[in-house]
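Student: Below: sequence and its predicted model.
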Amino acid sequence: MPETPSASPVLDRKARMKIPFEDLPTRPVSERLLDFGETFLPLDEERARREAMRCIHCPDPAPCSEACPGHNDISKALLLIEQGKFLEAAEVYRQTSSLPEICGRVCPHEQLCQGACVRSKRGEPVLTGALEAFVADFQRQHSRVEVSKGAPSGKRVAIVGSGPAGLACAEQLLQRGHAVTFFEAAPSPGGLLIYGIPNFKLSKKVVDARIGDFREAGAEFETGVRIGRDHTIDQILGEGYQAVFVGVGSGIPATMKAPGEDLPAVYQSTEFLVRTNVDPALLPPGQRERLQVGRKVAVVGGGDTASDCLRTALRLGAEEVTCVYRRTEAEMPGGRKDRALAREEGARYRFLTQPIRFLAGPDGRVSGVECLQCELGEPDKSGRRRPVPIEGSNFTVEADTVVLALGYWPDPEIGESTPGLQVRDYGLVVVDPETGATSRPGVFAGGDGVTGPDLVVTAMVAGRKAARAIDEYLMAVC
């Protein structure tokens with residue numbers, strides 16, 4: 001049924017501060033380990049209104065909005081939510097976000113809007129991310145979600161990659177009346193949102209619904225086309241497209257170059273996640289067979305991808321799942337929330353542990369990881385203390401499946417196949433940070449293929465910025 005706005009009492013800040021905190025509802029561990037369904041249960045209307053009432057509505061600029069890369073007007077949205085005006089609140093988010101139903105789920109809110117909430121000084125912050133997801137879902141359930149279309153401009157733009165940066169850029173271009181065609185290397189659109197984020201964090205149904213909005217708005221999708229290998233930027237520009245946006249992400253897994261890394265049952269994180277979290281029909285033929293894990297799984301790395309792999313291995317039935325990380329937890333780049341969920345589900349952590357080689361068992365498959373104990377030295381360029389291996393401290397972590405979650409590099413093919421396109425650091429595209437313009441006229445870029453691995457929301461913001469610059473370019477030059 002549609003929303004039924006109702007008056008809410010006018011609360012002063014003292015009254016709002018007295019409203020008790022209620023943590024997000026989750027499915028029981030015993031239940032969620034049996035499938036890949038989303039971990040967090042959706043808020044109901046009354047729960048959402050109570051949570052929104054906890055907002056004390058700081059003077060502008062509100063810290064939560066300042067901390068949001070998209071600068072969502074969170075205070076305004078929460079005021080509408082507490083009044084039961086959920087559809088209006090959803091529209092507030094959609095003014096500045098192309099993907100609120102997704103960012104409300106996958107943003108590291110504790111590092112962004114929630115982390116900046118002033119209520120944290122005296123307790124728990126307002127659960128801003130969950131409220132964003134709630135109203136976006138409510139809008140889709142009770143109203144119509146669409147990508148609005150402007151009057152046709154006669155201009156055509158190619159979007160290379162259909163992840164968050166490409167989708168956000170396309171949304172803004174469609175609103176300005178430009179025709180958009182996506183060129184996607186994978187069999188299905190969505191990029192990282194489909195192939196990189198596990199279902200227990202982001203249901204594929206949520207992504208599919210949003211992609212459906214683009215199809216209804218007239219966007220075309222050419223899948224299974226890898227720009228740089230099957231086709232080039234120059235060929236696209238020669239086919240009647242007046243501009244190109246490159247949003248290919250940064251998806252080449254980093255390697256250790258350690259002995260035994262090529263043993264059977266040693267997987268890169270991307271392959272491990274897609275072959276366990278994605279419908280085989282959406283995978284290339286060589287990856288459609290489901291992976292089977294052993295009793296003991298070791299995950300090497302400390303970022304969010306490592307947490308995703310730990311939690312995936314537990315859902316596949318592994319009895320002992322261990323994260324191996326060469327620094328301490330204080331230096332881990334991944335989110336605390338994901339680590340807490342992984343621990344709750346049964347994952348273990350071994351810190352100050354540096355893998356040096358992978359050991360084979362009698363059957364030729366991996367049987368363990370030889371490691372060195374580490375201690376922390378002086379800070380490196382990242383500001384984190386450098387792990388220093390202790391000579392002679394060798395020991396073995398038993399594992400019959402190993403997943404390497406070591407980070408990602410850019411794909412160099414775009415730079416190598418595009419004359420005059422300036423790149424850096426093994427293939428990251430160089431752009432004007434305010435416009436996304438590259439060294440090639442008419443070619444723009446944004447997202448992880450520019451910055452290296454970053455957040456969904458920062459890629460989305462980059463896509464929206466580039467769309468504004470592309471529109472100006474089309475109107476001025478073409």
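Tutor: Looks like it arrived, so ask away. If you're wondering where the values come from, they're calculated on a predicted model, not measured in any experiment. Numbers count the residues shown, from 1 in each chain.
Student: Now L11, what are its backbone angles?
Tutor: When quoted as degrees, to the nearest 10, the phi and psi of L11 stand at phi -110, psi 140.
Student: leaving aside the residues next to it on the chain, what's closest to it?
Tutor: Spatially, and ignoring its direct neighbours in sequence, L11 is nearest to M53 (6.3 Å; CB to CB, 6 or more residues apart in numbering). (Each C-beta comes from the backbone N, C-alpha and C, glycine too.)
Student: isn't the one you found right up against M17?
Tutor: No. Contact status for M53 versus M17: not in contact, 10.6 Å apart, counting by CB atoms under 8 Å.
Student: that older thread, what about the residue nearest to L11, neighbour count?
Tutor: Neighbour count of M53, defined by other CB atoms under 10 Å: 20.
Student: do you know how far it is from E329?
Tutor: According to CB to CB, to the nearest Å, M53 stands 35 Å off from E329.
Student: Equivalent analysis for E398, please.
Tutor: 22 Å.
Student: likewise S162?
Tutor: For S162, the distance to E329 equals 35 Å [CB to CB].
Student: quick one, which of the two is more surrounded?
Tutor: Of the pair S162 and E329, S162 is the one with more neighbours under other CB under 10 Å, namely 29 against 13.
Student: Grab the nearest non-local neighbour of that one.
Tutor: P189 (3.9 Å).
Student: Contact partners for the one you found?
Tutor: 162, 182, 211, 221, 223 (CB atoms under 8 Å, 6 or more residues apart in numbering).
Student: where does it land on pLDDT?
Tutor: At P189, the pLDDT value in this model is 97.
Student: State the phi and psi torsions of it.
Tutor: Per degrees, to the nearest 10, the backbone of P189 is at phi -70, psi 160.
Student: what sits against Q111?
Tutor: Q111 neighbours (CB under 8 Å, 6+ apart): G335.
Student: So it versus V456, what's the distance?
Tutor: Q111 sits at a distance of 13 Å from V456 (criterion: CB to CB).
Student: Please list all residues in contact with the residue nearest to L11.
Tutor: Applying CB under 8 Å, 6+ apart, one finds that M53 lies in contact with 8, 11, 16, 19, 82.
Student: Just checking: what are the partner strands of the lengthiest strand in the chain?
Tutor: Identified as the longest strand of the chain according to DSSP state E is strand 366-379. Strand pairing for strand 366-379, determined by DSSP bridges: strand 353-360 (antiparallel), strand 385-389 (antiparallel), strand 395-398 (antiparallel).
Student: Go through those and pick out the most buried.
Tutor: Among the strands paired with strand 366-379, strand 353-360 has the highest mean neighbour count (mean count of other CB atoms under 10 Å), at a mean of 19.
Student: Now do the buried residues in the top helix by length along the chain.
Tutor: In the chain, with assignment by DSSP state H, the single longest helix is helix 456-477. The neighbour-count check on helix 456-477 (16 or more other CB atoms under 10 Å) flags 456-471, 473-474 as buried.
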